[in-house]
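Peer 1: Curious how this folds, go ahead:
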Amino acid sequence: MIVDTIAIALGKRPPSLTIPALPVRVAISAIPLRGLQYNVKKWLADDSYDAQNFRRAFGFATSVSLSAGIQRQIAWYRSGSG
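Peer 2: Now for the predicted structure:
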């Protein structure tokens, strides 16, 4: 979702290539590099976080959607401020 949102905000087509997770997990499990295994597992994770806990703890709530925030960031960067 985030990659698609960034691509669209950049005026690009979202990537259409997808790699099945299972072959990647099998291949990585054969490589004895612990850090690499951790990173690949993290990349393959479908993490989502409930912002309500953060709001309750810190009193902060977003006022901009992820899509709008990414579009603003790209506009800021392209303006030469970034």
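
Peer 1: Show the residue spans covered by the helices in this protein.
Peer 2: Using DSSP state H, the helices of the chain run over residues 2-9, 21-29, 34-44, 51-58, 66-76.

Peer 1: Report the inter-axis angle for the first one versus helix 66-76.
Peer 2: For helix 2-9 against helix 66-76, the angle by axes from the mean of the first three to the mean of the last three CA atoms, to 10 degrees is 50 degrees.

Peer 1: Give me the average confidence score over helix 2-9.
Peer 2: Within the predicted structure, the mean pLDDT of helix 2-9 is 90.

Peer 1: buried ones in that helix?
Peer 2: Of the residues in helix 2-9, 5-6, 9 count as buried by neighbour count, 16 or more other CB atoms under 10 Å. Quick note: C-beta positions are derived from backbone N, CA and C, even for glycine.

Peer 1: Dump that helix to PDB, restricted to CA.
Peer 2: Extracted C-alpha coordinates of helix 2-9, given in PDB (Å, rounded to 0.1, in the frame of the first residue of the first chain):
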ATOM      1  CA  ILE A   2       2.700   2.500   0.900                       C
ATOM      2  CA  VAL A   3       4.800   1.700  -2.200                       C
ATOM      3  CA  ASP A   4       1.700   2.200  -4.400                       C
ATOM      4  CA  THR A   5       0.800   5.400  -2.600                       C
ATOM      5  CA  ILE A   6       4.300   6.800  -3.200                       C
ATOM      6  CA  ALA A   7       4.400   5.700  -6.800                       C
ATOM      7  CA  ILE A   8       1.000   7.400  -7.500                       C
ATOM      8  CA  ALA A   9       2.100  10.600  -5.700                       C
END
